[in-house]
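Peer 1: Quick one, structure for this:
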Amino acid sequence: MEQGWIKLYRKILENPMIKKPSYFSLWVILLLKANHKDNQMIWNDKNILVKEGQFISGRNELSKQSGIPPSTVERILKYFEKEQQIGQQKTTKFRFITIIHWKDYQKMDSTMDKKRTTDRQQADTNKNDKKENNENTSETISADINSLIKAFEAVNPACSKYYGNTTQRKACHFMIDTYGFQRVKLVIESTLPKTNSLAFFPSINTPLQLQEKWSALESAINKYKNKAQTDKDKIGGVYW
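Peer 2: Residues are numbered from 1 along each chain as shown. All right, here's what the predicted structure looks like:
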């Protein structure tokens, strides 16, 4: 974690946080703390995959590293979350943070430290290949987002209006990056139709609600799976 570097784009000068030192310094710390490759960690007593652009930390730890009071750290993190710069899941002591669009800005080039005097033709070829790969990735993500919205139509027919909704599409993109497309799709198709009809479970009818209530849904499912058999039967077969 202490080795290596991150990319910092000049475009950040256009972001309002550049005029607020505490916001900017905390943002850079988040970028520096994020994983540069996938690895396994324990979170909420579970072995989970922490992907690129994700990390586990806490408000107090971030306060010590940044010199910013814990309450201010909390406020800034909420701002970043509202602006779709990060996603976060919280426990009483720690939080699981995801830098949204990490791969769009921090993708490492393995040839960075190699020979820099390649001829112009090869450089142009690489540039075109990279552009094509980015376009293919973008098309795949867009198709996956459309697929999730389509799945949500069975939960809430009004979701048919969300294909062009930026907020709902960003929520889908975040969940794909964080949990994986297949898992999110299974939760929408197999879990929500059952849990939405049960008391004490969060009501989830849109992609944004699923993003915001993911931890609450997980907690409710785990709680009821550990209760009496009669309660287990009520949510039997629920995917999680």
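
Peer 1: SS state for the residue nearest to E52 when sequence neighbours are not counted?
Peer 2: Nearest non-adjacent residue to E52, counting by Cβ to Cβ, 6 or more residues apart in numbering: N35, 5.5 Å away. Every residue, glycine included, has its C-beta placed from N, CA and C. The three-state assignment at N35 reads coil, by DSSP: H, G, I helix; E, B strand; the rest coil.

Peer 1: Begin at 5 from now on, thanks
Peer 2: Got it, first residue is 5 now, which makes that one N39.

Peer 1: Tell me the pLDDT of N39.
Peer 2: Note on N39: pLDDT of 91.

Peer 1: before we move on, what about K217?
Peer 2: 92.

Peer 1: Now it: which helix or strand?
Peer 2: helix 211-229 (DSSP states H and E).

Peer 1: Could you list every helix and strand in contact with that helix?
Peer 2: With contacts taken as 3 or more Cβ pairs under 8 Å, 6 or more residues apart in numbering; DSSP states H and E, helix 211-229 sits against strand 90-94, helix 124-159, helix 170-183, helix 196-199, helix 233-238.

Peer 1: how close does the closest residue to D42 other than its chain neighbours get to Q110?
Peer 2: The shortest distance from D42 to any non-neighbouring residue, by Cβ to Cβ, 6+ apart, is to K55 (5.0 Å). Distance, K55 to Q110, by Cβ to Cβ, to the nearest Å: 12 Å.

Peer 1: repeat for G71
Peer 2: 24 Å.

Peer 1: What of F84?
Peer 2: If you go by Cβ to Cβ, the gap between F84 and Q110 works out to 16 Å.

Peer 1: next one: I225
Peer 2: Counting by Cβ to Cβ - I225 and Q110 are separated by 33 Å.

Peer 1: Over to R187?
Peer 2: Distance from R187 to Q110, by Cβ to Cβ: 23 Å.

Peer 1: These two: which has the busier surroundings?
Peer 2: A count of neighbours by other Cβ atoms under 10 Å puts Q110 above the other of R187 and Q110, at 18 against 14.

Peer 1: ok, and the closest non-adjacent residue to that one?
Peer 2: Nearest one to Q110, counting by Cβ to Cβ, 6+ apart, is K11 at 5.6 Å.

Peer 1: give me phi/psi at that neighbour?
Peer 2: Dihedral pair for K11: phi -90, psi 130, per degrees, to the nearest 10.

Peer 1: Number of residues surrounding it?
Peer 2: By other Cβ under 10 Å, neighbour count at K11 equals 10.

Peer 1: ok, residues contacting stretch 171-180?
Peer 2: 88, 91, 102, 104-105, 145, 148-149, 152-153, 163, 166-167, 188, 210-212, 214-215, 218 (Cβ atoms under 8 Å, 6 or more residues apart in numbering).

Peer 1: And it, what's buried?
Peer 2: The neighbour-count criterion (16 or more other Cβ atoms under 10 Å) identifies 172-180 as the buried residues of stretch 171-180.

Peer 1: who's in contact with stretch 143-159?
Peer 2: By Cβ under 8 Å, 6+ apart, stretch 143-159 touches 163-164, 166-167, 172-173, 176-177, 179-180, 185, 188-189, 192-193, 196-197, 200, 208-211.
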